[in-house]
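1. Give me a model of this one.
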Amino acid sequence: MGSPTALAPYLDVVFNVPTEGPFTYLRAGGKDGTEDLFGRRVTASFGRRTLTGFVVGARAERAGAYEIKAIDRVIDAEPLFDEEYLELARWIAGMYFCSLGEALSTMLPGGRRESRLPVLSGEEDLPSGRHALSAGQQAAVAGILSEAAERSSYLFGVTGSGKTEVYLVAAERTIERGRGVIYLVPEISLTHQLVEVVRARFRDRVAVLHSGLTPSQKFVEWMRIRRGEASLVIGARSAVFAPVPSLGLIVIDEEHESTYKSSNAPRYHARQVAMRRCAVSGARLVLGSATPSVEAYHLAREGRMRRYVLTERLSGGRMPEVQVVDMKDEEGSLSRPLCEEIRRTRDEGRQTILFLNRRGFSYFFHCRSCGFEMTCSRCSVSLTYHKELNRMVCHYCGYSRKPIDVCPECGSLDVGYSGFGTELIEEEVARRFPDLRTARVDTDSIRTKGSLQRTLRDFRDAKIDLLLGTQMVAKGLNFPGVRLVGIVLADTGLHLPDFRAQERTFSLILQVSGRAGRYVPDGKVVIQTYRPQNEAVMFAAANQIDSFYSRELQAREALRFPPYVRLFRLVFRGRDREKVKACALDVASRLASRIETGREARTPDEEASEARRGTELLGPAECPIAMISSNYRCQLLVRTERFASLHAAVGQVLSGFKPPRNVYVEVDVDPVSLL
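-> Numbering: from 1, shown residues only. Predicted structure coming up:
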């Protein structure tokens, strides 16, 4: 810290617990007693446990007359964070309703020792060296780095239009100016693709942070970044916290992806954290996608973010021809038009990708006599039949059981399985096309280490004719031999009770379609659907991007959903349904009272404006998935245009509220899912 109190006898320590600190401890004796411990981890007794904590300050005097324990030991030889980083942790804690210790624990690596970094091999077809930029790319780079432009930019480009090269050139020029870069991708598989390309270009100035590294490997990279040995950091969501000195640029590729939002406390969104870091450090922020999130599209349309557009595929391909097939007129899971295109693609010696965002063999067991449906005993969802395992599995809690052939309700033998997953499609492809070399890519088929990379490498080397998979094959993968992409069922996300269902479906169709014809002018996409008149399907098939977003924004504004309001979601869960309901009602009542009190303090003009805009409490009501792992779930949604005042009201209610025993409250600011 460099302050007179740095070597004071009392340390302020916070822990990864949902309890506000800091807590006071005596510094240890010996060598540790003569060092500034700010920013380091220590172990200390906390209640009946020994926990790892973070030193966030030191003081010369104690507060109170209670007994003060000494820390057990100091873990780190040098600090993991500084004062500026601590301020970011305080912002995370305040914004997302968690303790400072929980925020720091999420932001910092957990390893303690040196560990060799793995060698990553790239399976990508990304630029391997410097390429001449097109006019559109040059304009985008110049605009992103211009001192006169807005600090936030959006790079909209069709798949294959060279967004990656724009990011890398902007990163090069930022580093040449003596500043650092964070480059985020939504998934670890995309990190693997990018790393070798970037390392070939930036050599040993690259650091990698993602969930595939061990804690110790993450720690090695973290310290390299802090010491200034790495100027460019690549990683998934949590890499947004990388301690880059003199941060100059943050890139968020495929910014629309929901994986940028944490599903555990603190429920931060990497986009929001990046905006905060750029605002504090004066860095540039670049978001990019072929299918922007509705929020980002709205910001660009309103002029709050500069927009750059890349419309041409640079590798010689054209946007593929798209055919929509109404499955109401078809039998089985593969339509006649799709089968014809698979045969044609095979005859031409080229490759096919089939996409279905549902794993397993079938997902719905029912009795035709009495209507009984087989659901998980611990979650309110159907069990999915996995033929390879010969088990019925819950994809939420992992519960499984043997399949049945007799209805447990009425004893009828007239039972069956409905719906289809990737296993069933794999079986049907093998039956219809026995001469095709086929591989399946989903979380069931790639359990062994390195199996995903091996499969993608074999597909790239044309050892596989047809690749079938879930979202793992939907985005970021570029294969020169792919002519055909088949979307087996485009409707899987349309039935979800979530206001983002249309947006997600539209985005997924376009992203999957982008795998076809990236290097050839005759790519083909076949979209199978039971709802061919759905707007998301129609606009995606016609590649009418602006039309879709205009219609979606009209609907969001009329229904008062983001980006026109901000949402807070409070989820109450526990094994006792009545306790959960009572807790939810109690918090709803307190919050409604707090909001009314705030209204009374306003002037008549402010009150009239608020009445027009409204801060609405919706619920409490059961979550769409009402039970997970034997925990009942209720939710309270609050939407408002007065974010700061509502955020303060929620914080005040929660700070003075203690839920009943074994009932838990989860707060999600700006949720991306309402399930």
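
2. for the longest helix seen in the chain, what is the average pLDDT?
-> Of all the segments assigned as helix in the chain under DSSP state H, the longest by residue count is helix 577-600. Per-residue confidence for helix 577-600 averages out to 85 on the pLDDT scale.

3. Now that helix: buried residues?
-> Of the residues in helix 577-600, those buried under the neighbour-count criterion (16 or more other C-beta atoms under 10 Å) are 579-584, 586-588, 590-591, 594-595, 598. C-beta: built from backbone N, CA, C; applies to glycine.

4. residue contacts, residue 351?
-> Applying C-beta atoms under 8 Å, 6 or more residues apart in numbering to residue 351 gives the contacts 345, 459, 462, 464, 465, 466, 467, 479, 481, 482, 483, 484.

5. what's the domain layout of the protein?
-> Per automatic domain parsing, the structural domains of the chain span 10-107, 135-310, 321-361+420-557, 566-669.

6. of all the ones you listed, which lies closest to residue 408?
-> Of all these, domain 566-669 sits nearest to residue 408, with 19.2 Å by C-beta to C-beta.

7. Now do the end-to-end distance for that closest one.
-> Separation of the first and last residues of domain 566-669 by C-alpha to C-alpha, to the nearest Å is 8 Å.

8. PyMOL command to pick out the buried ones of the contacts of residue 351?
-> For selection in PyMOL, the members of the contacts of residue 351 meeting the burial criterion (16+ other C-beta under 10 Å) are listed in this command:
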select buried, resi 345+459+464+465+466+467+479+481+482+483+484
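
9. Which single one of the contacts of residue 351 is nearest to residue 658?
-> Ranking the contacts of residue 351 by separation from residue 658, with C-beta to C-beta as the measure, puts residue 467 on top at 52.3 Å.

10. Just say helix, strand or coil for the closest one.
-> With DSSP: H, G, I helix; E, B strand; the rest coil as the basis, the three-state label of residue 467 is strand.

11. and it, what is it in contact with?
-> By C-beta under 8 Å, 6+ apart, residue 467 lies in contact with 351, 352, 353, 354, 438, 439, 441, 455, 459, 473.

12. Can you add distance to residue 145, secondary structure and pLDDT and give these back as a markdown table?
-> As requested, those are exported to a markdown table (distance: C-beta to C-beta, whole Å; DSSP: H, G, I helix; E, B strand; the rest coil; pLDDT from 0 to 100):
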| residue | distance to residue 145 | secondary structure | pLDDT |
| --- | --- | --- | --- |
| 351 | 39 | strand | 91 |
| 352 | 41 | strand | 91 |
| 353 | 36 | strand | 90 |
| 354 | 41 | strand | 90 |
| 438 | 46 | strand | 90 |
| 439 | 42 | strand | 88 |
| 441 | 38 | strand | 82 |
| 455 | 39 | helix | 84 |
| 459 | 37 | helix | 86 |
| 473 | 34 | helix | 67 |
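
13. Neighbour-wise, which one of those leads?
-> Most neighbours among the contacts of residue 467, by other C-beta atoms under 10 Å: residue 352, with 29 neighbours.

14. Can you name the residues bridging to that residue?
-> residue 466, residue 484 (DSSP bridges).

15. Spit out the contact partners of it.
-> Applying C-beta under 8 Å, 6+ apart to residue 352 gives the contacts 341, 342, 345, 346, 465, 466, 467, 482, 483, 484, 485, 486.

16. Kindly recompute the last result at 10 Å.
-> With contacts defined as C-beta atoms under 10 Å, 6 or more residues apart in numbering, residue 352 is in contact with 338, 341-346, 429, 433, 436, 438, 464-468, 481-486, 516, 524, 526.

17. centroid residue for the protein?
-> Taking C-alpha atoms, centre = their mean as the criterion, residue 259 is the residue nearest the geometric centre of the chain, at 1.0 Å.

18. How about the backbone phi and psi for it?
-> Main-chain dihedrals, residue 259, degrees, to the nearest 10: phi -70, psi -10.

19. So for it, what's the nearest residue that isn't a sequence neighbour?
-> Of all residues not flanking residue 259 in the chain, residue 186 sits nearest, at 4.5 Å (C-beta to C-beta, 6 or more residues apart in numbering).

20. cool, and residue 652?
-> Ranked by C-beta to C-beta, 6+ apart and with sequence neighbours excluded, the top spatial neighbour of residue 652 is residue 594, at 6.2 Å.

21. how much space between the one you found and residue 580?
-> Applying C-beta to C-beta, to the nearest Å, one obtains 21 Å for the distance of residue 594 from residue 580.
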